[in-house]
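Participant: I would like to see how this sequence folds:
(one chain, ligands or ions: 1)
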Amino acid sequence: MIDFKTIEYNSEKNEVTVLDQTKLPEEEAYLTLTKAEDIYQAIKNMNVRGAPLIGVTAAYGVVLASRTGSQNEIQKACDLIRSARPTAVNLSWAIGRMEKKLAQSRNPFSELLAEAKKIEAEDKNACIAMGKLGATLIADNANIMVHCNAGALATSGIGTALGIIYTAKEQGKRFSVFSSETRPLLQGARLTSWELTKNGVDTYTICDNMVATFMPRMKLVLVGADRIASNGDVANKIGTKGLAIISDYYKVPFYVAAPLSTFDFTVASGTQIPIEERTEDEIRKFNERCIVAPPAKICNPAFDITPAELVSGIITERCIIDRPHGKNIAKML
Ligand code: MRU
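Facilitator: I've put the predicted structure just below:
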């Protein structure tokens, strides 16, 4: 179904090609990355984004450094890439796996390449498994609301939340997807509309401030996650918490789709998850035009924390965790 690749590693040239997501939907352009610094910049500038894809890209960044680099240089590449964005735990999780391999390896390049390929394959398989489990929640003729982009563009596979949509479509179910535009960087408007319509899904894009108006018509809300704490609190794109509060008010089930690599059992609750604060200009300017009176100050947190009690369930590659409070997560995983 998915006819684009978000990431591809070329071992002959030792380079990584990524789909440049800042150019979508106008242009399907690709970027070639040849060193760890390029990978760091691509993650930081969000040419590649979405928690699972950030993890896969980071792993290949370490591979780039390992072709000719010393142990010390490879470690420096790990440190640099890990610092690109703070919230998605998949980044430090993938770098942690690469560091563990590096510490044990005699032939870093080939062993790190094998590990990066393994991380990519696991991501693809997790998407397929989440798709199958999550599709059971989709009723025929349902309206489903999604936020940001938790699709193929956010992974190396078919996506997390949108992977479920694609699987349900392949099963012959009919439904419509309502995607909130996701200010300020418009991942919902630019990316989700692009990949859903490319795959024949009936798609409506709505402004973020229309969510409460449309919620009563929804059967399901499906979102992704950047980090899930031990107690089930979910860090995801800013606006997710608002969606959860509104869906709770209207009694619409609110599900999170996330692979096990997105769980962080080192943090007890969402209050301990670092929230990325991005530049003022993402809000101050729109299409290069200044839209905010210059003396006004700007706040730009890129993520928020949805309390576990607002989450109906978390769809992982292993199982669906219903009512994911701390004890239920431990019991299921
Ligand atoms: O800032 P982004 O675009 O990287 O944020 C992405 C999200 O918040 C996604 O919902 C999340 O990473 C899950 S992607 C499968």
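
Participant: can you give me the helices for the chain?
Facilitator: For the chain, helices defined by DSSP state H occupy the ranges 36-44, 51-66, 71-82, 89-104, 108-135, 161-170, 193-198, 211-214, 240-249, 281-284, 326-332.

Participant: burial count for Tyr249?
Facilitator: Residue neighbour count, defined by other Cβ atoms under 10 Å, stands at 11 for Tyr249. Backbone N, C-alpha and C define where each C-beta goes, glycine included.

Participant: winner for burial among the helices of the chain?
Facilitator: Per-stretch averages of neighbours, counted by mean count of other Cβ atoms under 10 Å, single out helix 51-66 among those, with a mean of 29.

Participant: that helix: how far from the chain's middle?
Facilitator: The chain centre lies 14 Å from the centre of helix 51-66; the measure is Cα atoms, centre = their mean, to the nearest Å.

Participant: tell me the domain boundaries of the chain?
Facilitator: 7-127, 132-332 (automatic domain parsing).

Participant: what residues are up against the closest residue to the ligand within the stretch 151-300 of the chain?
Facilitator: Closest approach between the stretch 151-300 of the chain and the ligand, counting by Cβ to the nearest ligand atom: Gly224, at 2.7 Å. Shown in contact with Gly224 (Cβ atoms under 8 Å, 6 or more residues apart in numbering): 50-51, 148, 150, 154, 160-161, 236-237, 256-258.

Participant: possible to save the domains of the chain as a markdown table with mean pLDDT?
Facilitator: As requested, the domains of the chain are exported to a markdown table (pLDDT from 0 to 100):
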| stretch | mean pLDDT |
| --- | --- |
| domain 7-127 | 97 |
| domain 132-332 | 97 |
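
Participant: hmm, back to that, please identify which of the helices of the chain is closest to the ligand.
Facilitator: Of all the helices of the chain, helix 51-66 comes closest under Cβ to the nearest ligand atom, at 3.6 Å.

Participant: could you pull out the strands for the stretch 151-300 of the chain?
Facilitator: Per DSSP state E, counting those that start in this stretch, the stretch 151-300 of the chain carries strands over the ranges 175-180, 202-206, 220-223, 227-229, 234-237, 254-257, 263-264, 285-286, 289-290.

Participant: re the thing from before, mind putting the helices of the chain in a markdown table, distance to the ligand included?
Facilitator: As requested, the helices of the chain are exported to a markdown table (distance: least, Cβ to the nearest ligand atom, whole Å):
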| stretch | distance to the ligand |
| --- | --- |
| helix 36-44 | 9 |
| helix 51-66 | 4 |
| helix 71-82 | 15 |
| helix 89-104 | 8 |
| helix 108-135 | 9 |
| helix 161-170 | 7 |
| helix 193-198 | 12 |
| helix 211-214 | 15 |
| helix 240-249 | 7 |
| helix 281-284 | 11 |
| helix 326-332 | 18 |
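
Participant: lovely, talk soon.
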